[in-house]
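K.L.:
How does the following fold in three dimensions:
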Amino acid sequence: MKQLFSKVLSPTDIEHRLAVPSEILWAFDFDEAHRCADFQVKDKGGQKWQFRCSTRKKDFHPKPVVSKGWRRFVKDKRLQVGDKVLLYKDFECDSPYKIKTMKKVFRLFGEEVWLES
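P.N.:
All right, here's what the predicted structure looks like:
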């Protein structure tokens, strides 16, 4: 399983859409005409979520975002600014994308300690 990215959530990520790094676009089967890819992720409880990753249509820099399904996920998982999300691609599984959410618990010897939520 390969981690695609990890991100501490910002207000925009919580309230609107999840901005993701352009470097992960290779991991999705993009519809070039519509500049988007629908994909399903599985959380630690086995629940499946439908998301859409899309890019800007009229800009050289794609600035990909996850929009469709994201707000529902945020609400159902009770995510807040400062929480962390990790997305993985599993090459050996029937559900190729996995998602983890984490909450910062405390700092210990200058390091942040996170627990999966």
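K.L.:
next one: the worst-scoring helix or strand of the chain on mean pLDDT to chain centre, how far?
P.N.:
Of all helical and strand segments in the chain, the minimum by mean pLDDT, DSSP states H and E falls on strand 111-116, at a mean of 89. Remark: strand 111-116 is offset 18 Å from the chain centroid, using Cα atoms, centre = their mean, to the nearest Å.
K.L.:
can you pull the buried residues of that strand?
P.N.:
By neighbour count with 16 or more other Cβ atoms under 10 Å, strand 111-116 contains the buried residues W114. Using the backbone N, CA and C atoms, a C-beta is placed for each residue, glycine as well.
K.L.:
Quick one: list the elements packing against it.
P.N.:
Secondary-structure packing of strand 111-116 (3 or more Cβ pairs under 8 Å, 6 or more residues apart in numbering; DSSP states H and E): strand 97-108.
K.L.:
How far away from the center of its chain is stretch 55-74?
P.N.:
Relative to its chain's centre, stretch 55-74 lies at 11 Å (Cα atoms, centre = their mean).
K.L.:
so how far does it reach from one end to the other?
P.N.:
In stretch 55-74, first residue to last residue: 21 Å (Cα to Cα, to the nearest Å).
K.L.:
sorry, back to before: list the pairing partners of the least confident helix or strand of the chain within its sheet, with orientation.
P.N.:
Strand 111-116 has its sheet partners listed here by DSSP bridges as strand 97-108 (antiparallel).
K.L.:
pLDDT (mean, whole number) over the strand it pairs with?
P.N.:
Regarding strand 97-108, the rounded mean pLDDT is 91.
K.L.:
Would you mark the buried spots in it?
P.N.:
Within strand 97-108, the residues that qualify as buried are Y97, K98, I99, K100, T101, M102, counting by 16+ other Cβ under 10 Å.
K.L.:
Name the surrounding residues that touch it.
P.N.:
Here strand 97-108 makes contact (Cβ atoms under 8 Å, 6 or more residues apart in numbering) with 1, 39-44, 49, 73, 77, 79, 82-90, 112-117.
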